[in-house]
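what shape does this take:
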Amino acid sequence: MKNILVLCTGNSCRSQIAEGYLQYFAGDKAKVYSAGVEIHGVNPKAVKTMAEDGIDIANHTSNHVDEYMGVNFDYIITVCDNAKENCPYFPSRAERFHYNFPDPAKATGTEDEVAEQFRKVRELIKAYSANFVQQHL
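Got it, this is the predicted structure:
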C-alpha cells in the first residue's frame, strides 16, 4: 500500500477535495493524507460540494504538515503554489508532484456563483486524481 500526502496552504478546500477523490479512486491501494502549511479548518462549502458528488469528507480534519513527519510517503502532491514554496523538507524518497488549482475559497459573487466555482475546482481535482491513480497506482 502506498502513502500519499496532499499539501495545500490551509488544508481547508483543495487538499481536502483531493484527499477525498484520491482515496475514492485508489481504494485499498493507498492511504491518503492531507495537510497544510497552516491550519484553517475544513471549509463547509468543500464538504457540501463533495457531498453533491457522493464523496463524504464531513469527518476530515484540518492538519498541519508537521503532524506527518514520521510517515514514509511514496508521493507528495502540492495543490497550490504557496504550499509548494513553503513545504518543509521531508526526510524521505517521496516522489513529488505539483498542480496549482484555483482556490475556491477566494471566489466572490452570489451564493450560486461561489458554489459554481467550488464545483469547477472540484471537477478539476477529480480529473487530476483519477489520472494520478491510473498512472501511479
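
hang on, residue 97 packs against residue 132?
Yes. Residue 97 lies in contact with residue 132 (C-beta atoms under 8 Å); the separation is 7.3 Å. For glycine as for every other residue, the C-beta is placed from the backbone atoms N, C-alpha and C.

ok, now which ones touch the residue lying closest to residue 114 once chain neighbours are set aside?
Closest residue to residue 114 apart from its sequence neighbours, by C-beta to C-beta, 6 or more residues apart in numbering: residue 107 at 4.5 Å. Residues near residue 107 by C-beta atoms under 8 Å, 6 or more residues apart in numbering: 113-114, 117-118.

so residue 101 versus residue 126, what's the distance?
From residue 101 across to residue 126, the span is 11 Å (C-beta to C-beta, to the nearest Å).

ignore the last one, residue 61
21 Å.

more crowded one of those two?
Set side by side, residue 61 and residue 126 show more neighbours around residue 126, with 20 against 12, by other C-beta atoms under 10 Å.

got a list of what the closest residue to the more buried one other than its chain neighbours touches?
Take residue 126 and drop its neighbours on the chain: the residue closest to it by C-beta to C-beta, 6+ apart is residue 21, 5.2 Å away. Residue 21 makes contacts with 55, 125-126, 129-130, as judged by C-beta under 8 Å, 6+ apart.

and what of residue 42?
Counting by C-beta under 8 Å, 6+ apart, residue 42 touches 11-12, 16, 57, 60-62.

out of the residues you listed, which is most surrounded?
Result: residue 11 is most packed of those (other C-beta under 10 Å), 29 neighbours.

surely that residue is in a strand?
No. Going by DSSP: H, G, I helix; E, B strand; the rest coil, the assignment for residue 11 is coil, not a strand.

circling back: which one among the contacts of residue 42 gets closest to residue 48?
Closest approach between the contacts of residue 42 and residue 48, by C-beta to C-beta: residue 57, at 9.8 Å.

just to check, the closest one is in contact with residue 47?
Yes. Here residue 57 reaches residue 47: they are 5.6 Å apart, a contact under C-beta under 8 Å.

many thanks, I have nothing further to ask.
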